[in-house]
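Engineer: The sequence and its predicted three-dimensional model are supplied below.
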Amino acid sequence: MPVKTSVGIRTKKDIFFGFLIWIIGPVMLIVAFGRLVNQAPNSLINVTIITYAVTGVVTVIMSVSAVYAVYGLFLKEKSYKGHTFTGKFTILVGARNEERVVNTLLRDILAQTYQNFEVLVVCHNCIDRTAEVVNEVKDERIKPLVLKDAPLGKSVALNFGAKHATGEVIVVFDADNNIPDDFLEKLSHYFPYYDSVQTKIETKNPDFNILTKLQELEFVVFTDIFQKTRQYLGLNALLGGTGEAIKTEVLKKVGYYDEWAFSEDFAICTKLTANGYKIGWVPDTYVLDEKTPWWSDFFRQRARWTKGHLQLVPRYWKNYLLKPLDFHYLIAPVAVTSSYVTLFLFLCFSLNLPISASFFPLIVWTSPWIVWNIAIAIRLYQKRGWKGLSMYPLLFLYYYHWLAVMGYVWKMKSWAKTPHGLAKI
């Protein structure tokens, strides 16, 4: 594999966005944990109320995260046994120019041990042979739905398909996915106990380059701990956009997917939770999902996710006040914003502007952060041994890409598709 490919570089944009990811995070960490420069002696403005509010929120978020991480180290996965659902699954696949990958997913679906299903592949503004490739599969249960001249957005395609569904439960996949033969059978154990469920999402191309490897470790460690701990606490799982299933009637009752949302999975999850529906975690099956190997595509993908996250905060903040544990993830961006507040103060103090502030003692808000990182390192060792643990320093720095993408979300004016089929390059 060429050196550039192995580090995720294909174009000059990859160099630029990769540089932002690896530089901005460490710089902000140094500023946040380092000693701030001397404040102006004769300040006109004291912003302590802001620094205390932001640091307080960060402390709460990191404390909850630390509890999740430590608790998750000792929990075993819980799965349902027994074949309870015998109805029909409708499998929805949103496909925009996916002729290179969709056929592999369809073969996996046809090989399922649970055979009561239909497959609706929504060919969304396609300019390639996606619909023709689907039509070449000779099975009456598999149907292409051609959607032309429609607004872009995965939620647009999913809603179009959902309104044609005849199954009792809708299962969502991306066109690049692969699934094991018993996927639907394992999924059937969880209905009718839940209104919606999320399976594991594993990486299809972990060894393509360093970026796909880091994404694999991110999903294996962080997602596993988060979902498993919420399951044990009786809280809803988060939906991940693929490998998710929702009762058709429930989806209809909540008004389908929100087409304004940049992250339709996060939006529908929050809407289901706000309406009192139960979302379960399925640890005994998985979806293989291709991760982008290029820094520019990765940067834009994470910026889209972040903007989708921020879109929900003003809509559901009242729900957070009523049930903070159910919705605590809504204020997670504040933890990222706090780094920008710190950087702004650093610049003000460096320029001797008449601004001053007091701060929480460092030990108060860094203690849960330290505990959380130790737990993550232990979890990495549990899942990948010493070889995985050796990746921890790199994973630590990589995780702060959220600091970089936060400054880019305002440039995200419309939904952008993440390219698929790159694992074969």
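Structural biologist: Received the coordinates, thanks.

Engineer: so where's this structure shaky on pLDDT?
Structural biologist: For the chain, applying pLDDT under 70 flags the ranges 1-4, 34-38, 40, 83, 415-416, 419-425.

Engineer: All the strands of it, residue numbers only.
Structural biologist: Taking DSSP state E, the strands of the chain run over residues 45-46, 89-95, 117-124, 142-147, 169-174, 196-203, 244-247, 279-289, 355-356.

Engineer: Now do stretch 239-250: distance from first to last residue.
Structural biologist: The separation between the terminal residues of stretch 239-250, taken as C-alpha to C-alpha, to the nearest Å, is 15 Å.

Engineer: now do stretch 179-186
Structural biologist: Using C-alpha to C-alpha, the span of stretch 179-186 from its first residue to its last is 11 Å.

Engineer: which parts of that stretch are buried?
Structural biologist: Ile179, Pro180, Phe183, Leu184, Glu185, Lys186 (16 or more other C-beta atoms under 10 Å). Placement of C-beta: from N, CA and C, glycine included.

Engineer: same deal with stretch 379-399?
Structural biologist: Buried residues in stretch 379-399, counting neighbours by 16+ other C-beta under 10 Å, are found at Arg379, Leu380, Arg384, Gly388, Leu389, Met391, Tyr392, Leu395, Tyr398, Tyr399.

Engineer: picking up where we left off before, and which of the buried residues of stretch 179-186 is nearest Tyr80?
Structural biologist: Distance ranking of the buried residues of stretch 179-186 against Tyr80, using C-beta to C-beta, places Lys186 first at 8.9 Å.

Engineer: Based on its surroundings, how many neighbours for the closest residue to Ser6 other than its chain neighbours?
Structural biologist: Closest residue in space to Ser6, ignoring its immediate chain neighbours: Asn209 at 4.9 Å, by C-beta to C-beta, 6 or more residues apart in numbering. A count of nearby residues for Asn209, using other C-beta atoms under 10 Å, gives 20.

Engineer: Please apply the same query to Leu92.
Structural biologist: 27.

Engineer: correct me, but it touches Asn177?
Structural biologist: No - with contact taken as C-beta atoms under 8 Å, Leu92 and Asn177 are classed as non-touching, separated by 11.9 Å.

Engineer: what's in contact with stretch 51-59?
Structural biologist: Residues from elsewhere that reach stretch 51-59, judged by C-beta atoms under 8 Å, 6 or more residues apart in numbering: 331, 334-335, 337-338, 341, 345, 357-360, 364-365, 368.

Engineer: I'd like to know which of these are buried.
Structural biologist: Ile331, Val334, Ala335, Thr337, Ser338, Val341, Leu345, Ala357, Trp365, Pro368.

Engineer: got TSV for the buried residues of stretch 179-186, with distance to Thr270 too?
Structural biologist: Formatted as TSV, the entries for the buried residues of stretch 179-186 read as follows, by distance: C-beta to C-beta, whole Å:
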residue	distance to Thr270
Ile179	26
Pro180	29
Phe183	26
Leu184	26
Glu185	29
Lys186	26
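
Engineer: which one of those is nearest Tyr194?
Structural biologist: Of those, the one sitting nearest to Tyr194 (C-beta to C-beta) turns out to be Lys186, at 13.4 Å.

Engineer: So that closest one is in contact with Val287, correct?
Structural biologist: No - contact between Lys186 and Val287 fails when scored by C-beta under 8 Å: they sit 11.6 Å apart.

Engineer: Now do Ile363 against Ile374, distance only.
Structural biologist: When distance is defined by C-beta to C-beta, to the nearest Å, Ile363 is 15 Å away from Ile374.

Engineer: between these two, who's got more neighbours?
Structural biologist: A direct count of neighbours by other C-beta under 10 Å for Ile363 and Ile374 places Ile374 higher, at 13 against 8.

Engineer: and that one, how far is that from Trp402?
Structural biologist: If you measure Ile374 against Trp402 using C-beta to C-beta, the figure is 20 Å.

Engineer: Tell me, how many residues neighbour Ala32?
Structural biologist: Ala32, neighbours per other C-beta under 10 Å, totals 20.

Engineer: In contact with it: list those residues for me.
Structural biologist: Ser338, Ser339, Thr342.

Engineer: Next, find the distance separating the nearest residue to the second one once chain neighbours are set aside from Leu397.
Structural biologist: Nearest non-adjacent residue to Ser339, counting by C-beta to C-beta, 6+ apart: Met28, 4.3 Å away. Distance check for Met28 against Leu397: by C-beta to C-beta, it reads 12 Å.
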